[in-house]
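Asks: Fold the stuff below for me.
(chains A and B)
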Amino acid sequence: MLSMLPQVLVDGLTLGFMYAVVALGYTMVYGILEFINFAHGDLFMVGAFVGTEVLLTFEALGTLEGMNPFVAFFITLIVAMAITGALGVGIERVAYRPLRGAPRLVPLISAIGVSFLLQDLVRFSEAIYRNEFYLNSPQLFTGSLELGFATVPQKAIMVMVIAIVLMIVLTLFVNKTKWGIAMRAVAQDQSTASLMTINVDKVIMLTFLIGSSLGGATGVLFAQNYGTIDPYIGFILGLKAFTAAVLGGIGNLRGAMVGGVIIGLLESLSGAYMGPLTNGAFGAEYKDVFAFSILILVLLFKPEGLFGEAVKEKV
Amino acid sequence: MEMNLLKNKEVPLLFTVLWIAVFSGALYSLDKSVIAFMGVLFSIILVYYTKGSNLIRFALGAAVLLLIIPLVAGDNRYYMEVATQVGIYVAMALGLNIVVGFAGLLDLGYVAFFAAGAYAYAIFTTSQANEFIPGDFFPLSGEWFWPFLIIGLIVAAIFGILLGLPVLRVKGDYLAIVTLGFGEIIRIVFNNLDKPINITNGPQGITPIPAPELLGIKMGTPFYFYFIVLFVIAFIVLANVRFEHSRLGRAWIAVREDELAAQSMGISLLNTKLAAFATGASFAGIVGVIFAAKQTFVDPTSFTMNESIAILVMVILGGSGSIPGVVLGAAFVTVLQVQLLKEFSNFLHGLQQSGLINLPSQLDPSKFQRLVFGVILVLVALYRPNGLIPAKRKKDDIDSIKQSKHFGEQQGILAKVAGRK
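Replies: This next block holds a predicted model:
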């Protein structure tokens, strides 16, 4: 049983890095607006579809054969990020901005609506275009690295490398650039930031742009790693990424990254070992239950998460 | 102008009566007409806005529901089926209204309680219970339907309290996510609880669930279910009305408006929220029992998040916290779901068969559910956050306070100070 541990860990890490990047989107938006962007998981799904469509187009044109897989991959990634980023900004403008200052449940309801809309819009456009809405993504990286104790597929390495690069770039952006500083200022205090001549609306737009494009990028990674996608993948993955964000301390970038990796590892471990440990009574089908239970436990016992600061509520 | 008419309850009585007569005539003469059915349903709303005393309006509403609809459409399975479905959703939406509308707790896993009630009835009235209870006591007969209305209520209320205890410590939008997670957990558990002990029979579901029986009469047709549902709705509406201005109801509204302020007024947050959760849950439990008996089959696919969101859409669209609003929202969304979309897609299928258009099967309007819900949620949030019929708040009437015999009395420490003078 222990012999499969390294493989389980590799799978868990791959999954975890994906959760981490999606969790960043949740945590950035929450940090600034104190609002759970319910539709973020579906932006991830849109990214997966855009990326897959780009690859399928290349394939149909016959250019994919002769193309360097890395070039194809980066083109896909950039197109997906651009489209989901723009979509995220558009959603913010239409469905969230008019509701700023409304009671807290109202924007949340709007976000649930957007989430449902996105799922069906993607399903319809795929249905019209391809007459089916389950897509199989062309695989760019098929080789794998034999380590002896575990097999690491090339695509998993790509997932981890891209995820780490995205996280480093984001950290540098938030900490070192002028816009990053503005973002942190707005997260701390919107009205003071606006008095310091920061254009709050623009910063919020930028936050949605970055968060959504990160989600879209993860979609591409997901499609590469698992092959098959459908319009409903965003819901469960989004929920788990949100769990990761809460576990790390919502609003905290480093927390989201660490939380994502932890959730991925836990899910992979529970999927692999829960069955054998309970003699088959509770198998891998309960792994989603496991992830949600973590969410509930964290919210109950350490609502500020691993890295967050406890906030006292004031009148 | 029209809005004004509605606001002041000024639909003339004659108009309402005429409306009812015309549409019930249409309902009688037309088979499967959506418009006639909607017209009769709408007459309930009209009755609500009719000028006249409460007694007249109440009598009119009761006449439409208890006499006209069963007499005119009682033989028509189709109308009764739709009416029952509308009723089931109205009852569920009224239950969720207590949680979301009154107490302001956004519960996205409400369908879990519905499932608890449905499974409670399903397991014990089929041979399923023999799988884990020794002896051969089961299945129970359809006469047990009536006690199970209460048992379903209790089971769901216990579920609500058990879920609520951990969940309700979490606030606001977190609560939405946690209840969503719990809803999924319950569905996954029901889906997999065929091992190690077979309790729910897993994805295969449980069948055949017996129809209710009373004095030897089998009540398996939509006609009977219509009356059962009506009875339950009456009970739930009454509970809603009684709760709304009770001490507990005011505590719910206080918690919804401002938790901190409510707490400092001496309201126990956890108890108040638990009460809302358990009350809402227990109504869903009753409806679950009816649902199981009506469908004669339950499986986990009937209890997905889609259902939870559908019920939420009904509450939000109608006006959360407003009882007539929620009834309207539930009726509208159900008719939209089970009738309008289906009719529209039948119409398109007709066109397709005659070769006029070519439609991919995915574009079938009966699959538009999520799209429609999404659009409704966004539009309502943006343009009508209080719903179609916003909840009315009782204003404190200064005059009635002044005329109260306690006016001018000094109470508590003030009275003592004044007395000593």
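Asks: In which helix or strand does B:Ala118 reside?
Replies: Using DSSP states H and E, B:Ala118 sits within helix B:111-124.
Asks: Likewise for B:Val155?
Replies: helix B:145-167.
Asks: could you give the angle of that helix to helix B:111-124?
Replies: 140 degrees (axes from the mean of the first three to the mean of the last three C-alpha atoms, to 10 degrees).
Asks: what mean pLDDT would you report for the next helix-or-strand element following helix B:145-167?
Replies: Per DSSP H and E, the first helix or strand lying C-terminal to helix B:145-167 is helix B:172-192. Regarding helix B:172-192, the rounded mean pLDDT is 83.
Asks: For helix B:172-192, output the C-alpha coordinates as CSV.
Replies: Extracted in CSV, the C-alpha atoms of helix B:172-192 (Å, rounded to 0.1, in the frame of the first residue of the first chain):
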residue,chain,number,x,y,z
GLY,B,172,-23.1,35.6,5.7
ASP,B,173,-21.7,34.6,2.4
TYR,B,174,-19.6,31.8,3.9
LEU,B,175,-22.8,30.3,5.0
ALA,B,176,-23.9,30.1,1.4
ILE,B,177,-20.8,28.1,0.5
VAL,B,178,-21.0,25.8,3.5
THR,B,179,-24.7,25.0,3.0
LEU,B,180,-23.9,24.3,-0.7
GLY,B,181,-21.1,22.0,0.4
PHE,B,182,-23.4,20.2,2.8
GLY,B,183,-26.1,19.8,0.2
GLU,B,184,-23.6,18.1,-2.0
ILE,B,185,-22.3,16.0,0.9
ILE,B,186,-25.8,14.7,1.6
ARG,B,187,-26.4,13.9,-2.0
ILE,B,188,-23.1,12.0,-2.2
VAL,B,189,-23.9,10.1,1.0
PHE,B,190,-27.4,9.1,-0.2
ASN,B,191,-25.8,8.1,-3.5
ASN,B,192,-23.3,5.8,-1.8
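Asks: is any part of that helix close to chain A?
Replies: Yes. Contact between helix B:172-192 and chain A, assessed by C-beta under 8 Å from any C-beta of the partner chain, occurs at B:172-174, B:176-178, B:180-182, B:184-185, B:188-189, B:191-192. The C-beta positions use only the backbone N, C-alpha and C, and glycine is treated the same way.
Asks: Looking at those, which is nearest chain A?
Replies: B:Gly181 (3.7 Å; C-beta to the nearest C-beta).
Asks: Next one: the closest one from A:Leu297, what distance?
Replies: Separation of B:Gly181 from A:Leu297 (C-beta to C-beta, to the nearest Å) stands at 11 Å.
Asks: for A:Trp179, same thing?
Replies: 36 Å.
Asks: So for those two, which residue has more residues nearby?
Replies: Neighbours per residue (other C-beta atoms under 10 Å in any protein chain shown) separate A:Trp179 from A:Leu297, with A:Trp179 holding more: 15 against 12.
Asks: which residues does the more buried one contact?
Replies: A:Phe173, A:Val203, A:Leu206 (C-beta atoms under 8 Å, 6 or more residues apart in numbering or on different chains).
Asks: Does the second one touch A:Ala182 like I think?
Replies: It refers to A:Val203. Yes. In this structure A:Val203 lies within contact range of A:Ala182 using C-beta atoms under 8 Å: 5.2 Å.
Asks: Compare neighbour counts for these two and give me the winner.
Replies: Taking neighbours as other C-beta under 10 Å, A:Val203 and A:Ala182 compare with A:Val203 leading, 22 against 19.
Asks: which one is that one nearest to, not counting chain neighbours?
Replies: Computed as C-beta to C-beta, 6 or more residues apart in numbering or on different chains, the closest residue to A:Val203 that is not its neighbour in sequence is A:Val186, at 4.6 Å.
Asks: Return the residues of the stretch 151-300 of chain B in contact with chain A.
Replies: Residues of the stretch 151-300 of chain B lying near chain A (C-beta under 8 Å from any C-beta): B:166-167, B:169-170, B:172-174, B:176-178, B:180-182, B:184-185, B:188-189, B:191-192, B:195-196, B:260-261.
Asks: Quick check: PyMOL command selecting the buried ones in those.
Replies: Selection of buried members from these for PyMOL, criterion 16 or more other C-beta atoms under 10 Å in any protein chain shown:
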select buried, chain B and resi 167+169+170+172+173+174+176+177+178+180+181+182+184+185+188+189+191+192
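Asks: To what extent is the closest residue to B:Ala157 other than its chain neighbours buried, counted in neighbours?
Replies: Closest residue to B:Ala157 apart from its sequence neighbours, by C-beta to C-beta, 6+ apart: B:Ser282 at 4.0 Å. The number of residues packed around B:Ser282, counting by other C-beta under 10 Å, is 28.
Asks: mind listing the helices in chain A by residue range?
Replies: A:5-33, A:40-61, A:69-91, A:105-130, A:154-176, A:178-188, A:190-195, A:200-226, A:233-248, A:253-277, A:287-301 (DSSP state H).
Asks: Could you dump those into CSV with mean pLDDT added?
Replies: Shown next, in CSV, are the helices of chain A (pLDDT from 0 to 100):
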stretch, mean pLDDT
helix A:5-33, 88
helix A:40-61, 91
helix A:69-91, 92
helix A:105-130, 87
helix A:154-176, 89
helix A:178-188, 90
helix A:190-195, 89
helix A:200-226, 92
helix A:233-248, 88
helix A:253-277, 86
helix A:287-301, 81
